[in-house]
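In: sequence first, then the predicted structure:
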Amino acid sequence: MSDTQPGLQRLVVVSNRLPVALKKVDDAWAVKQGAGGLVTAMAPVLKNRGGAWIGWAGASSDPDMDVDGLLSDFCSDAGYDLATVPLTKQEVDDYYFGFSNEIIWPLFHDLQTRCRFHPRYWRAYLDVNFKFAEVVARKSTPDDYIWVQDYHLMHQAFFLKSMGVKRNTGFFLHIPFPPPDIFMKLPWRWKVIQALTEYDLVGFQTVQDRRNFMGCLQRLMPEAKAEGRGAVVTVTVGNRRFRLGAFPISIDYNQFSGLAKRPEVAQQAFDVKEALRHRKIILGVDRLDYTKGIPERIQSFHTLLRRYPDMVGKVNFIQIAVPSREEVDEYKELRQEIEQLVGRVNGEFSFPGWVPVHYHYRSLPHEELVAYYSAADIGLVTPLRDGMNLVAKEYCACNNSGSGVLVLSEFAGAAAQLQKHAYLVNPYDMEGIAKALHRALHWGRDERKASMLKLREQVRKNNIFWWVDSFLQAGISKKLDDFPEIET
Ligand code: ADP
Ligand code: G6P
């Protein structure tokens, strides 16, 4: 490991999802923005530092598809190199939809009853990880820093080593790491843990995730020992030594806050408020995913209207959901469930001039999303479980007036950092959320401002560039003295 400063090595980011995805629209290929927190977080990092991003183009490869041609406009503007890993339909089905989305995603979010542990998914996961590692080996040099992102690609360091390719490697998990009782259900638990020990640095969103990992490691490899204090520790297991750290991911604060200040965006925010006749606005923004607690959130709003008649006609709930994993049956069913619940609340409470729930099922342009954030009186972020949840941070960054309230699930990674000044709720407790909303809607201006100021300060300081520097410093430098406990 060299003692190079974090700024000097070329960064090679490896993730399943690239910032753009190819999608077939009316028999023609279109280039769409990749969805989700990983892309939101990593795109400004690469734009700022340059380097390369290796990933899958989002569609199964087809002999007539000219991927490089389709992505050429994006590549010439991006400011970094893009390399794609082609996957066949069978690989997409078994590695992405299967292993990643039907096993690791639900298991790591504590939703084990949704898992389907098919051995063929595991084999496809290994084959695809090998395929990715071959591209990484070809597209990188020994001087590069290889930074692997997320649960789809936990075996990159393992395969690079098995090919005899020497690289400095780091891995960051964007989703939670489960406690041993849950992780132990994974039939391939030993191989997954062992593969993670092959990285030089493994990073998690929270100290609790890091502890969960260490708990699993010690159950499976009792000789494993951790030394050190603070956010980053050194682990020894057999003849391997590697680092483990907690690095809460974040957003480009200035970009969100700056956009919200632009006159045309402020005008859009005003238009949203005016269209709703300046009633209070509660806002939910999510990828449409069963971990986000959207049905429970709608039911909580329903409870608010039933329990507190003073709220009827006075408040709107806007839910913006970006389509995600649409081919998967569970996501299709969730979409139907949400539509039915929205219909039920609106059917029960609407009157001429007031429709309580506004539901948008589409990806919004960045500026429009920011306008909604700045128009909202309450950001309602209630995932059942979440690695971090960037929406919570985006809401705070856009709230330049400082008058909004963040109502946040205690099971989002973001709660570890924002708990002191957000209104924490249990996402399963619909009566509790209704009560919290009612209280938050009655908070005085000074109280709201004081809390939002602190939240914004936390997100501004610990922004995405702070996150990159912390991770790379832990990945590259020899000394670990600069790693205090994560600030809350
Ligand atoms: P996850 O990583 O599970 O998707 P996050 O909350 O961390 O959850 O990140 C979600 C990202 O997707 C955020 O950056 C958010 O702005 C973006 N997003 C969510 N809904 C929409 C939407 N309807 N239109 C555009 N972007 C969206
Ligand atoms: C979360 C995951 C990412 C993933 C994103 C969108 O943010 O941590 O790895 O890319 O969801 O999901 P998708 O399956 O569309 O890539």
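Out: Thanks, I have it. Ligands and ions are numbered 1, 2, ... in the order given.
In: now the closest residue to ligand 1 within the stretch 51-200 of the chain: how far from Phe108?
Out: Closest contact between the stretch 51-200 of the chain and ligand 1, by C-beta to the nearest ligand atom, is at His174 (6.4 Å). Every residue, glycine included, has its C-beta placed from N, CA and C. Using C-beta to C-beta, to the nearest Å, one gets 10 Å for the distance from His174 to Phe108.
In: which neighbours do the two share?
Out: Tyr151 (C-beta atoms under 8 Å, 6 or more residues apart in numbering).
In: what ranges do the strands span in the stretch 201-350 of the chain?
Out: 201-204, 225-227, 232-237, 240-246, 280-287, 315-322 (DSSP state E, counting those that start in this stretch).
In: and the fourth one, which residues are buried?
Out: Buried residues in strand 240-246, counting neighbours by 16 or more other C-beta atoms under 10 Å, are found at Phe242, Arg243, Leu244, Gly245, Ala246.
In: would you turn these into CSV with pLDDT?
Out: CSV is the format used below for the buried residues of strand 240-246 (pLDDT from 0 to 100):
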residue, pLDDT
Phe242, 96
Arg243, 96
Leu244, 97
Gly245, 96
Ala246, 97
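In: keep the residues you listed, but drop any that are not near ligand 2.
Out: The subset of those within reach of ligand 2, counting by C-beta under 6 Å from any ligand atom, is empty.
In: out of those, who's nearest Arg445?
Out: Ala246 (35.1 Å; C-beta to C-beta).
In: flag every residue of this protein that's near ligand 2.
Out: So far as C-beta under 6 Å from any ligand atom goes, the chain lies against ligand 2 at Arg17, Ala35, Gly36, Gly37, Leu38, Asp150, His174, Ile175, Ser324, Arg325.
In: which residue packs closest to the second one, ignoring adjacent ones?
Out: Right, Ala35. Closest residue to Ala35 apart from its sequence neighbours, by C-beta to C-beta, 6 or more residues apart in numbering: Val322 at 5.4 Å.
In: list the contacts of the one you found.
Out: Contacts of Val322 (C-beta under 8 Å, 6+ apart): Ala35, Asp286, Arg287, Leu288, Arg362, Ser363, Leu364.
In: and the buried ones among the residues you listed, selectable in PyMOL?
Out: Of these, the buried ones can be selected in PyMOL as follows, counting by 16+ other C-beta under 10 Å:
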select buried, resi 35+286+287+288+363
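In: circling back: count the residues that sit near the residue of the stretch 51-200 of the chain closest to ligand 1.
Out: 22 (other C-beta atoms under 10 Å).
In: so is it in a helix, a strand, or just coil?
Out: coil (DSSP: H, G, I helix; E, B strand; the rest coil).
In: from Trp188, how far out is it?
Out: Taking C-beta to C-beta, one finds His174 at 20 Å from Trp188.
In: and what of Gly238?
Out: 19 Å.
In: these two: which has the busier surroundings?
Out: Trp188 (17 against 10).
In: what's the pLDDT at that one?
Out: Per-residue pLDDT puts Trp188 at 98.
In: once you drop chain neighbours, what's closest to it?
Out: Nearest to Trp188 is Trp122, by C-beta to C-beta, 6+ apart, at 5.4 Å.
In: so who does that neighbour touch?
Out: Trp122 neighbours (C-beta under 8 Å, 6+ apart): Phe99, Pro187, Trp188.
In: nearest spatial neighbour of the residue in the chain that ligand 2 sits nearest to, skipping sequence neighbours?
Out: When scored by C-beta to the nearest ligand atom, the chain has Gly36 as its residue closest to ligand 2, at 2.7 Å. Leaving aside its chain neighbours, Gly36 sits nearest to Arg287 (5.7 Å; criterion: C-beta to C-beta, 6+ apart).
In: so what's the one you found bridging to?
Out: Beta bridges link Arg287 to Val322 when assigned by DSSP bridges.
In: show me the contacts for it.
Out: Ala35, Gly36, Ala321, Val322, Ser324.
In: what's the offset of the helix or strand that contains Arg460 from the middle of its chain?
Out: Secondary structure from DSSP states H and E places Arg460 in helix 445-461. On the basis of C-alpha atoms, centre = their mean, to the nearest Å, helix 445-461 sits 22 Å off its chain's mean C-alpha point.
In: with just CA atoms, put it into CSV.
Out: Provided in CSV are the C-alpha atoms of helix 445-461 (Å, rounded to 0.1, in the frame of the first residue of the first chain):
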residue,chain,number,x,y,z
ARG,A,445,-41.3,28.7,13.1
ASP,A,446,-38.3,29.3,15.5
GLU,A,447,-38.2,25.7,16.5
ARG,A,448,-38.4,24.5,12.9
LYS,A,449,-35.6,26.9,11.8
ALA,A,450,-33.3,25.9,14.6
SER,A,451,-33.6,22.2,13.8
MET,A,452,-33.3,22.7,10.0
LEU,A,453,-30.3,24.9,10.4
LYS,A,454,-28.5,22.1,12.3
LEU,A,455,-29.5,19.5,9.8
ARG,A,456,-28.3,21.6,6.9
GLU,A,457,-25.0,22.2,8.6
GLN,A,458,-24.5,18.5,9.1
VAL,A,459,-25.2,17.7,5.4
ARG,A,460,-23.2,20.7,4.2
LYS,A,461,-20.1,19.7,6.2
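In: now it: buried residues?
Out: So, applying 16+ other C-beta under 10 Å, buried residues of helix 445-461: Arg448, Lys449, Ser451, Met452, Leu455, Arg456, Gln458, Val459, Arg460.
In: kindly report the same for stretch 118-131.
Out: So, applying 16+ other C-beta under 10 Å, buried residues of stretch 118-131: Tyr121, Trp122, Ala124, Tyr125, Leu126, Val128, Asn129, Lys131.
In: look up how far Gly343 lies from Gly404.
Out: 28 Å.
In: okay, those two: which has more neighbours?
Out: Each of Gly404 and Gly343 had its neighbours counted (other C-beta under 10 Å), and the higher figure belongs to Gly404 (27 against 12).
In: pretty sure that one contacts Asp377?
Out: Yes. Gly404 lies in contact with Asp377 (C-beta atoms under 8 Å); the separation is 6.0 Å.
In: average pLDDT for stretch 456-470?
Out: pLDDT averaged over stretch 456-470 gives 97.
In: before we move on, what about stretch 208-222?
Out: On average, stretch 208-222 scores 98.
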